[in-house]
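> Fold the following.
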Amino acid sequence: MRKTGSTCPGPFPRRDFLKLGSLALGGGGVSNLLALRAAAKDVGQSMPDTSVIFLWLPGGPPHMETYDMKPKAPAEYRGAFKPIQTVVPGLDVCELLPLHARVADKFSLIRSIAHTFAGHGDGMKHLLTGREPGTPEDFVTIHPMVGSMVAKCREGVRRGVPNYVAVTDPGREGIDVYGFGSAYLGPSSLPFIFAGDPSDPKFEVPNLAPLPQIAERMPARLGLLSDLERHTASLESTNQMVSTGVYRERAVDLLQSSMARQAFDIAGEPIRHRERYGMHAWGQRCLLARRLVEHGASFVTMVLENPYQSGVPVYEDGVYNWDSHSVNCHIFNDLQHRLPIYDQCVSALIEDLYDRGLDRKVMLVVTGEFGRTPRVEYQTGTRTGVTQPGRDHWPNAMSVLVSGGGLRAGQIVGSTTSKGERPKDRPLSPTDLWATVFHHLGIDWHGTSFPDFRGRPLSILPSGEPIRELV
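Coordinates of the predicted model:
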């Protein structure tokens, strides 16, 4: 196993937690705020230069039509597509993923992660936090999403770009759409999140630069704000001061950073590179993710939800996300349009990370909240009005793709039963996946705690170990 490297005090080791708690409860004042900020910056400077790209497939991609096909299963299980060989003997993927087949030596497939939460709300929250989701009917997290944990641990990292970024489709940029909340870590650990299609010639990222009439007044206003902070005796609590201060500093850094504007300037990318990823929303989001981590972002989430945009026609028997119930779509027709787009952007990202020497610095994780039922179901489609095939929610089995991060590639971790119903070998949980991610980022997942809503220290993960086959 590789060394974990620098650790995250989360933001503080457990042995220092009571000391911090007494400061917070006592109010603390500005001097404590400045001390805490200085400590955070020291921690940030000690963090390794590593990062994560997280491609989020909301709705639940079908494992038996992508990475865990069962050609010998009965017809009512195996579906309409055939597996194809890849450059790695024994590692097969769906025939609709031929570009994956060419780069299979650069990624690994985890086929044995499973959990027990079958609803979108509880499935997403459990997958993204590693903990009991709380209320199943909503997407409001009671525990922080992994990206927010990383943002908190790397609060002191200042590289000129947002530390934690998320990009979605228009109208889907709310924090609680997918369970991306920061819970008790507060607003300073939320992502810099925005919606848009980077393939659109009019694409621009909001809030990257101040308006001209404001820019000339910024130095004076920031100086005044600093004076006010120095002379403020106290606020509601030291924790509030830290959260407010970090949030403000992040916003100011973004407005003043030419590095951020350069990182987000996808139009400056050579056209051949853009076309390699595909001139559609998914492809250009993946390219933007590569640019962001290359410029220093720690955790970048790109939501690949609706393929029917950027000039891709909407099909009556398709569905906007990966939720391929038979009432929503004809799963096999939908995948014939969806998977080629997905194949292009994911394989291009994997290959690009290796080509640019980023395969040790950057770890790529691709997953949804669960898999789909092994047995194909048939119901009348809501829009088509005809009987069509689909698959329901299935948290008992799912497939996760990982690449880069210095991990061992070109292998399959775990397996499912002959009908794809549940793990057969090497059963794993979402927390094992996140422990592997934290291992790559140099975050001590064993010794790190955060104060929860009641002020009690809560470990960053309730369980989990890095997946030994990968590290």
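> which residues of this protein score low on pLDDT?
For the chain, the stretches flagged by pLDDT under 70 are 1-46, 209-257.
> At the geometric centre of it, which residue do we find?
Phe54 (3.3 Å; Cα atoms, centre = their mean).
> residues contacting Val319?
Contacts for Val319 (Cβ atoms under 8 Å, 6 or more residues apart in numbering) come out as Gly59, Asn328, Cys329, Asp334. Every residue, glycine included, has its C-beta placed from N, CA and C.
> Try it again at 10 Å.
Applying Cβ atoms under 10 Å, 6 or more residues apart in numbering to Val319 gives the contacts 59, 306-308, 325, 327-331, 334, 338, 381-383, 390.
> hang on, isn't the residue nearest to the centre of the chain packed against Gly147?
Yes. Counting by Cβ atoms under 10 Å, Phe54 touches Gly147, with 6.9 Å between them.
> need the helices for this protein, in chain order.
Listed in chain order, the helices of the chain (DSSP state H) span 17-25, 29-46, 75-78, 98-102, 120-129, 146-153, 212-215, 218-231, 238-256, 258-264, 271-277, 281-294, 331-355, 430-441.
> that older thread, list the residues that contact both of Phe54 and Gly147?
Common contact partners of Phe54 and Gly147 (Cβ under 10 Å, 6+ apart): Leu128, Ala166, Phe299, Val300, Thr301, Val437.
> Quick check: closest non-adjacent residue to the last one.
In other words, Val437. Val52 (5.9 Å; Cβ to Cβ, 6 or more residues apart in numbering).
> hey, what's that neighbour bridged with?
Phe299, Met363 (DSSP bridges).
> ok, it - contacts?
Counting by Cβ under 10 Å, 6+ apart, Val52 makes contact with 146-147, 150, 164, 289, 293, 297-301, 362-365, 404-405, 437-438, 440-441.
> now do 8 Å
Val52 makes contacts with 150, 293, 298-300, 362-365, 405, 437, 440-441, as judged by Cβ under 8 Å, 6+ apart.
> Likewise for Thr66?
If a contact means Cβ under 8 Å, 6+ apart, then Thr66 has Val93, Cys94, Leu97, Leu339, Ser399 as its contacts.
> pretty sure the second one is touching Ile84, no?
Yes. Shown here, Cys94 and Ile84 form a contact pair, counting by Cβ atoms under 8 Å, at 7.3 Å.
> neighbour-wise, which of those two wins?
The residue with more neighbours, out of Cys94 and Ile84, is Cys94; 23 against 15, by other Cβ atoms under 10 Å.
> burial count for Asn333?
If you count neighbours by other Cβ under 10 Å, Asn333 ends up with 17.
> and if you look at Pro83?
18.
> contacting residues for the closest residue to Gly123 other than its chain neighbours?
Using Cβ to Cβ, 6+ apart and skipping residues adjacent in sequence, the residue nearest Gly123 is Glu369, 3.9 Å away. Glu369 makes contact with Pro58, Gly59, Gly60, His120, Gly123, Met124, His126, Leu127, Leu128, Pro395, according to Cβ under 8 Å, 6+ apart.
> For Gly405, see how far away Glu369 is.
Separation of Glu369 from Gly405 (Cβ to Cβ, to the nearest Å): 22 Å.
> Pull the contacting residues for Asn328.
Each residue near Asn328 by Cβ under 8 Å, 6+ apart is listed here: Val319, Gly381, Thr382, Gly390.
> what number of residues lie near the spatially closest residue to the second one that is not a sequence neighbour?
The spatial neighbour of Gly381 that comes closest, neighbours along the chain excluded (Cβ to Cβ, 6+ apart), is Gln388 at 4.8 Å. As a burial measure, Gln388 scores 23 neighbours (other Cβ under 10 Å).
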